[in-house]
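Engineer: Below is the sequence, then the predicted model.
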Amino acid sequence: QVQLVESGGGLVQPGGSLRLSCAASGSIFRISAMGWYRQAPGTQREWVARITSIGSTMYSNSVKGRFTISRDNAKNTVFLQMNSLKPEDTAVYYCYLARFTSPDYWGQGTQVTVSS
């Protein structure tokens with residue numbers, strides 16, 4: 001069984017930065033893609049970013065150029081560096097692990113609030 005635990009959320013002013021972390025248990029981390037979704041109140045969950053097992057990255061248009069996803073396979077951890085944050089980035093952020101294309105496991109979520 002894989003467990004994902006996110007951390008790093010919080011309150012930040014517009015234009016600020018946060019770095020989210022997602023620590024995974026289990027040996028399949030290194031051969032799996034990892035990524036992030038987010039969900040704002042009253043909206044559907046939105047895909048944010050993805051990184052493959054070999055480090056290829058993809059981003060949604062809404063965060064491209066501001067967010068960076070990375071992974072440390074030695075620590076079974078994936079990161080989301082978020083810069084130039086906007087109020088519309090406010091959401092609960094969920095990391096996921098995908099053995100193939102669709103998410104198989106989810107974290108519990110971490111709240112990110114961008115407000116002055």
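Structural biologist: Looks like it arrived, so ask away.
Engineer: in the sheet, who's paired with Tyr59?
Structural biologist: Beta-bridge partners for Tyr59, by DSSP bridges, are Ala49.
Engineer: was I right about it contacting Ile51?
Structural biologist: No - counting by CB atoms under 8 Å, Tyr59 sits too far from Ile51 to count as a contact (9.9 Å). Using the backbone N, CA and C atoms, a C-beta is placed for each residue, glycine as well.
Engineer: joint contacts of those two?
Structural biologist: By CB atoms under 8 Å, 6 or more residues apart in numbering, Tyr59 and Ile51 have these common neighbours: Ile69.
Engineer: Identify the residue nearest Gln108 in space, chain neighbours excluded?
Structural biologist: In space, and not counting its chain neighbours, Gln108 is closest to Glu6: 6.7 Å by CB to CB, 6 or more residues apart in numbering.
Engineer: Quick check: that neighbour vs Leu97, distance?
Structural biologist: Noted for Glu6: a distance of 12 Å to Leu97, by CB to CB, to the nearest Å.
Engineer: In space, what's closest to Ala40 - neighbours in sequence excluded?
Structural biologist: Distance criterion CB to CB, 6+ apart; nearest residue to Ala40, sequence neighbours excluded, is Ala91 at 4.3 Å.
Engineer: Pull up the gap between the one you found and Gln3, please.
Structural biologist: From Ala91 to Gln3 the distance is 22 Å (CB to CB).
Engineer: next one: Ile54
Structural biologist: 23 Å.
Engineer: With neighbour numbers in mind, choose between those two.
Structural biologist: The residue with more neighbours, out of Ile54 and Gln3, is Gln3; 12 against 8, by other CB atoms under 10 Å.
Engineer: For the more buried one, give its distance to Arg66.
Structural biologist: For Gln3, the distance to Arg66 - CB to CB - is 29 Å.
Engineer: circling back: now do the contacts for the residue nearest to Ala40.
Structural biologist: By CB under 8 Å, 6+ apart, Ala91 lies in contact with Arg38, Gln39, Ala40, Thr43, Glu46, Gln111, Val112.
Engineer: Now do the nearest residue to the second one once chain neighbours are set aside, the pLDDT please.
Structural biologist: What it means is Gln39. Spatial nearest neighbour of Gln39, chain neighbours left out: Arg45 (4.4 Å); criterion: CB to CB, 6+ apart. pLDDT recorded at Arg45 is 96.
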